[in-house]
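Trainee: need a structure here:
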Amino acid sequence: MRSRTLIRTAAVLAAVAGLAAGTAAAAPAHDGGRHDSARDWPQRLIDRTPGLVQPKALTVDRSIGARRAAQEVHLAQQLYTFWNTGQQRYLDAAVSPQFRDNTLPAGRPQGPAGPVFASKNFRAAVPDLTCELSDVLVAGDRITARLVFRGHFTGTFDGVRGQGQRVEFNAIDIQHVGTDRIVEDWHIEDNATLMAQLGVHA
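Mentor: Numbering: from 1, shown residues only. Got it, this is the predicted structure:
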């Protein structure tokens with residue numbers, strides 16, 4: 001009897017500690033099987049609409065509230081669905097008309113026209129380009145994403161015609177979310193790996 005009491009006391013203390021840390025500890029289901037645990041929390045924020053990219057891993061700061069958190073996760077899914085498909089409607093839904101690229105590559109236009117320009121040029125070289133949303137971290141008004149781009153170089157890039165070679169490289173983005181859409185970003189791509197795979201030397 002004493003051991004059961006100790007176990008129950010330990011469980012209560014663990015739950016309190018979890019709440020103090022900003023997460024809810026797992027509890028027996030009394031609501032049709034739903035669990036409000038730290039693991040279940042971010043998964044409930046993902047939009048499962050067919051066609052939207054799904055994050056492989058998701059970490060969300062609970063202090064921003066469920067509504068804001070869901071909004072930011074959804075914006076990330078829309079933005080990277082644009083990169084996964086090249087369909088501009090996803091970009092338009094994700095970024096503000098006043099969007100600013102703070103790490104603008106040479107030759108790319110500023111604003112929302114920049115990602116459109118980059119996507120079209122990239123898909124001219126790699127028509128089957130995909131964008132995997134490997135990791136998403138949502139904290140405050142910032143979204144940090146780790147991406148993996150894949151495809152085959154069957155088009156043309158910088159005067160070089162592809163021979164079907166496989167392309168796979170990583171990128172890291174930080175997106176700043178305004179009231180309802182992304183207003184600015186910072187990004188870095190593994191261009192050295194990409195150029196080597198394309199057989200293009202800078």
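
Trainee: Report the beta-bridge partners for the residue nearest to Ala69 when sequence neighbours are not counted.
Mentor: Nearest residue to Ala69, sequence neighbours excluded (CB to CB, 6 or more residues apart in numbering): Val60, at 4.9 Å. For glycine as for every other residue, the C-beta is placed from the backbone atoms N, C-alpha and C. Per DSSP bridges, the residues bridged to Val60 are Val138.

Trainee: ok but Asp180 is inside a strand, no?
Mentor: No. Using DSSP: H, G, I helix; E, B strand; the rest coil, the assignment for Asp180 is coil, not a strand.

Trainee: distance of it from Ala57?
Mentor: Distance, Asp180 to Ala57, using CB to CB, to the nearest Å: 25 Å.

Trainee: Below-threshold pLDDT in the protein: ranges please.
Mentor: 1-39, 202 (pLDDT under 70).

Trainee: what about the strands in it?
Mentor: Remark: strands assigned in the chain by DSSP state E are 57-60, 95-101, 130-139, 142-153, 156-157, 160-161, 165-177, 182-189.

Trainee: Let me have those in CSV, extended by mean neighbour count and distance to Asn84.
Mentor: CSV is the format used below for the strands of the chain (neighbours: other CB atoms under 10 Å; distance: least, CB to CB, whole Å):
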stretch, mean neighbour count, distance to Asn84
strand 57-60, 17, 17
strand 95-101, 17, 15
strand 130-139, 19, 4
strand 142-153, 19, 9
strand 156-157, 14, 19
strand 160-161, 12, 24
strand 165-177, 17, 13
strand 182-189, 17, 15
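
Trainee: Export the ones you listed as a markdown table, with columns for distance to Val73.
Mentor: Shown next, in a markdown table, are the strands of the chain (distance: least, CB to CB, whole Å):
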| stretch | distance to Val73 |
| --- | --- |
| strand 57-60 | 7 |
| strand 95-101 | 16 |
| strand 130-139 | 6 |
| strand 142-153 | 8 |
| strand 156-157 | 33 |
| strand 160-161 | 38 |
| strand 165-177 | 11 |
| strand 182-189 | 12 |
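
Trainee: and Thr81, which of these is closest to it?
Mentor: Closest to Thr81 of those, according to CB to CB: strand 130-139, at 8.2 Å.

Trainee: Show me the contact partners of the closest one.
Mentor: Strand 130-139 is contacted from outside by 53-61, 64, 69, 72-73, 76-77, 80, 83-84, 143-151, using CB atoms under 8 Å, 6 or more residues apart in numbering.

Trainee: repeat for stretch 143-150
Mentor: Under CB under 8 Å, 6+ apart, the answer for stretch 143-150 is 72, 75-76, 80, 83, 129-137, 166-175, 177, 182.

Trainee: Could you export that stretch as PDB, CA atoms only?
Mentor: Listed next in PDB are the C-alpha coordinates belonging to stretch 143-150 (Å, rounded to 0.1, in the frame of the first residue of the first chain):
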ATOM      1  CA  ILE A 143      10.000  29.900 -37.500                       C
ATOM      2  CA  THR A 144      13.300  28.100 -38.000                       C
ATOM      3  CA  ALA A 145      13.300  25.300 -40.500                       C
ATOM      4  CA  ARG A 146      15.800  22.700 -41.700                       C
ATOM      5  CA  LEU A 147      15.100  21.700 -45.300                       C
ATOM      6  CA  VAL A 148      16.400  18.900 -47.600                       C
ATOM      7  CA  PHE A 149      16.000  19.600 -51.300                       C
ATOM      8  CA  ARG A 150      16.200  16.600 -53.700                       C
END
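
Trainee: Thank you, goodbye.
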